[in-house]
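In: Kindly generate the corresponding structure for this input.
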Amino acid sequence: MIRQIHEHEVLKMMLLSDKVYTKPELKDDILTIFGKEARFYTCSVSNMDSDELIDKLDKEGNFLIISDGFLREGKHP
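Out: Numbering: from 1, shown residues only. Next up is the predicted model:
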């Protein structure tokens, strides 16, 4: 059974981790925590894989870009 996870769960994971992620590191944590078969959804999009979710979050401005990584908005160094 494929797990359907709301994007807010990933944002919550990022916020609670207190890490600065690169995209590959974020993907690794997503796959570790939610599983390789997990799919993600929002109010407007469903059935995204981890790469699609990361791209969507990035395009929506949910991150503050810093050098080689990004932070969840509001978690400034």
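In: ranges for the helices of the protein?
Out: For the chain, the helices defined by DSSP state H occupy 7-17, 23-34, 50-59.
In: Name the surrounding residues that touch the second one.
Out: Spelled out, it's helix 23-34. Contact with helix 23-34 is made by 3, 5, 9-10, 13-14, 17, 19, 21, 38, 50-51, 53-54, 58, 69-70, as judged by CB atoms under 8 Å, 6 or more residues apart in numbering. Yep, even glycine has a C-beta here, placed from its N, CA and C like the rest.
In: mind running it again at 10 Å?
Out: By CB atoms under 10 Å, 6 or more residues apart in numbering, the surrounding residues in contact with helix 23-34 are 3, 5, 9-10, 13-14, 17, 19, 21-22, 36-38, 40, 49-51, 53-55, 57-58, 63, 68-70.
In: Give me the mean pLDDT for that helix.
Out: Averaged across helix 23-34, the pLDDT comes to 93.
In: Can you point out the buried residues in it?
Out: In terms of neighbour count (16 or more other CB atoms under 10 Å), helix 23-34 has its buried residues at 23, 26-27, 29-30, 34.
In: can you give me how far that helix is from the chain middle?
Out: Centre-to-centre, helix 23-34 and its host chain are 8 Å apart (CA atoms, centre = their mean, to the nearest Å).
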